[in-house]
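*Asks:* Below is the structure, and that's it, no one-letter string:
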């Protein structure tokens with residue numbers, strides 16, 4: 001079956017989350033002060049990124065809810081107990097600095113423009129709807145996507161097949177007619193393929209080493225790949 005729709009990941013696929021998270025936390029620390037236990041701001045930013053991965057994994061596994069993982073990140077990072085109100089307030093101040101550092105990758109809008117007339121578009125994210133809707137709106141691309149589904153509201157996270165299938169259902173298309181593009185080889189590409197979609201790994205860091213996956217290193221390689229100018233399943237890199 002031909003591909004009729006592209007289902008997108010957001011963070012570190014269309015949106016440079018890694019840079020925004022690091023820069024936003026650096027700005028937050030400059031405003032709030034360096035917490036006890038960290039020798040430098042760089043050390044604190046590295047710790048924040050590790051804690052983010054740990055608590056997002058807990059959220060994805062159903063061990064906590066969306067507000068809970070935020071509060072636990074704040075408590076672990078600061079190394080002290082806080083009630084929910086205090087933790088929420090600290091996190092919201094951090095979010096303001098994080099948002100000030102938001103940006104799309106340079107190849108995001110050009111590829112959305114290139115694909116606009118040929119494919120339908122939707123988003124599936126392991127995040128929360130309010131957060132991702134706001135992000136796409138502020139960045140000026142929310143109207144590019146027919147649907148936006150997120151793990152916090154779905155109650156299931158990628159790579160579970162149910163997450164991908166819910167997005168296909170929202171599009172009214174069978175999985176075989178949908179391609180999923182994301183930066184995580186297992187969560188995104190392998191998970192999508194297991195659900196019957198065409199999984200495409202956006203390997204921005206050029207890690208390689210996964211010849212079984214369809215892989216591109218920039219979004220610039222996506223239009224040709226989808227158009228059939230290259231063959232799915234090959235171990236080549238499409239840049």
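*Replies:* Looks like it arrived, so ask away. Just so we're clear, the structure is a prediction, and the values are computed from it rather than from any experiment.
*Asks:* Need the contact partners of stretch 97-117.
*Replies:* By Cβ atoms under 8 Å, 6 or more residues apart in numbering, the surrounding residues in contact with stretch 97-117 are 6, 13-16, 19-21, 23-25, 27-28, 31, 121, 135, 138-139, 141, 144, 204, 218-220, 222-223, 226. For every residue, glycine as well, the C-beta is placed using N, CA and C.
*Asks:* Give me the buried entries from those.
*Replies:* Buried subset of those (neighbour count, 16 or more other Cβ atoms under 10 Å): 6, 13-16, 20-21, 23-25, 27-28, 121, 135, 139, 141, 144, 204, 218-219, 222-223, 226.
*Asks:* Sitting in helices, which of the residues you listed do you find?
*Replies:* Of these, the ones assigned to helices by DSSP state H are 20, 21, 23, 24, 25, 27, 28, 135, 222, 223, 226.
*Asks:* Model confidence for the last one, exactly?
*Replies:* As summarised for this prediction, residue 226 has a pLDDT of 95.
*Asks:* Could you do the third one as well?
*Replies:* Here the pLDDT value assigned to residue 23 is 93.
*Asks:* The nearest residue to it once chain neighbours are set aside: neighbour count?
*Replies:* Leaving aside its sequence neighbours, residue 23 sits nearest to residue 101 (Cβ to Cβ, 6 or more residues apart in numbering; 4.0 Å). By the measure other Cβ atoms under 10 Å, the count of residues near residue 101 is 18.
*Asks:* again with residue 123
*Replies:* Residue 123: 25 neighbours (other Cβ under 10 Å).
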